[in-house]
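K.L.:
just need the structure, nothing else, for what follows:
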Amino acid sequence: MGFPGTWMTESESMVYRVVPKCACSTIGQIMFYSDHGEFFDGDIHDSKDRMHKWSQDASQPLIEANVLGHRSYAFTCVRNPYTRILSSFFDKICGIQRNGRRYRGNLVPQIIQKYGIEVGGEDGKQEFDQIASFRRFLLFVRDTIRWRRPMEPDIHWSAMSGHISTFILNGGTYDSIFFTEKFNEGMQRVLDAVETPRPVDLAAIPRFNESEGHGPKRAHPVDAYFDDLSMHLMWEIYKRDFQLFRYDFENPANKMPLGEIDLAEVHAKLGD
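P.N.:
Numbering: from 1, shown residues only. This is a model prediction of the structure:
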């Protein structure tokens with residue numbers, strides 16, 4: 001199995017387990033900058049060298065040796081499940097991707113047909129009932145996760161705990177898991193714990209939100225999208241995320257965590 005979704009700086013100063021929709025573009029660019037004193041020109045997900053990624057064959061033995069020996073500081077980042085799934089909907093389902101096409105080819109037409117969702121027309125710019133469409137999308141998400149139909153769950157909406165657990169199950173240990181909602185505080189803790197070839201002034205680093213502008217803007221507050229049924233589905237899909245990462249299930253309007261993450265609990269519960 002190895003360490004899918006794991007990135008490591010070329011200098012091996014730090015190891016990061018990517019969790020989609022949780023500031024991964026910004027974190028990747030900070031890692032790249034900390035080695036090279038410049039940002040990757042483009043979306044960091046497209047980089048093929050100057051940073052180790054599990055998806056690059058040559059990087060795998062280096063990442064594996066590092067993680068199994070716990071030679072570097074290892075971390076990841078989480079986000080409120082309510083805002084994360086909304087972001088996935090507007091970016092991946094309603095939005096046009098970097099290549100100018102819909103995400104995953106026939107995925108969007110398939111769920112338009114099977115679940116009756118709207119996505120804002122051909123370009124994602126037209127008005128539509130965002131709340132009704134999102135709730136239908138959530139049914140689709142539940143079906144992919146619960147029954148793997150009509151397709152396997154996608155990395156952008158599969159549970160964060162699932163991503164994070166593969167690292168632990170295959171022999172890795174996290175030194176830090178921080179909140180997207182307290183990004184500067186969490187990322188600074190990582191930078192303070194490691195020695196990087198180039199200094200990083202976090203206050204001067206731009207935010208690399210690669211999904212911004214892909215799809216329509218969210219027209220309502222977060223809690224407007226979640227009625228009783230939607231919240232029931234959220235609990236069914238993301239119960240472990242809410243519990244382990246201390247997010248407020250009862251109040252979708254509260255994006256902030258209710259407490260600190262207990263790393264020992266995460267390792268115990270996700271390492272089974």
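
K.L.:
and the strands in the stretch 1-150 of the chain?
P.N.:
Secondary structure of the stretch 1-150 of the chain by DSSP state E, counting those that start in this stretch: the strands cover 6-9, 14-17, 51-53, 73-78.

K.L.:
turn these into CSV, columns for mean pLDDT.
P.N.:
Converted to CSV, those look like this (pLDDT from 0 to 100):
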stretch, mean pLDDT
strand 6-9, 98
strand 14-17, 98
strand 51-53, 98
strand 73-78, 98
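
K.L.:
looking at these, which is nearest to D175?
P.N.:
strand 73-78 (4.9 Å; CB to CB). C-betas here are computed from N, CA, C, even on glycine.

K.L.:
just checking: what are the partner strands of the closest one?
P.N.:
In the sheet, strand 73-78 lines up against strand 14-17 (parallel), strand 176-179 (parallel) (DSSP bridges).

K.L.:
JSON lines for the ones you listed, including mean neighbour count?
P.N.:
Listed next are the strands paired with strand 73-78 as JSON lines, based on neighbours: other CB atoms under 10 Å:
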{"stretch": "strand 14-17", "mean neighbour count": "26"}
{"stretch": "strand 176-179", "mean neighbour count": "21"}
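
K.L.:
and the ones you listed as TSV, adding distance to V119?
P.N.:
Converted to TSV, these look like this (distance: least, CB to CB, whole Å):
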stretch	distance to V119
strand 14-17	31
strand 176-179	30
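
K.L.:
quick one: low-confidence residue ranges for this protein.
P.N.:
Scanning the chain for pLDDT under 70 picks out the ranges 210-214.

K.L.:
next, the buried residues of stretch 12-32.
P.N.:
Neighbour counts over stretch 12-32 (16 or more other CB atoms under 10 Å) mark 12-32 as buried.

K.L.:
and R218, what is it in contact with?
P.N.:
Applying CB atoms under 8 Å, 6 or more residues apart in numbering, we find R218 in contact with L86, F90, Q130.

K.L.:
nearest to E260 among these?
P.N.:
L86 (24.5 Å).

K.L.:
how many other residues sit next to the closest residue to S158 other than its chain neighbours?
P.N.:
Residue nearest to S158 in three dimensions, not counting chain neighbours: I145, with 6.6 Å by CB to CB, 6 or more residues apart in numbering. Neighbour count for I145, taken as other CB atoms under 10 Å: 19.

K.L.:
cool, L270 as well?
P.N.:
19.

K.L.:
and for D201?
P.N.:
Under the criterion other CB under 10 Å, the count of neighbours that D201 has is 8.

K.L.:
got the contact list for it?
P.N.:
Applying CB under 8 Å, 6+ apart, no residues qualify as near D201.

K.L.:
can you tell me how far the nearest residue to R207 once chain neighbours are set aside is from L68?
P.N.:
Among residues not flanking R207 along the chain, T26 sits closest, at 5.4 Å (CB to CB, 6+ apart). Relative to L68, T26 is positioned 28 Å away (criterion: CB to CB, to the nearest Å).

K.L.:
can you check A204 too?
P.N.:
35 Å.
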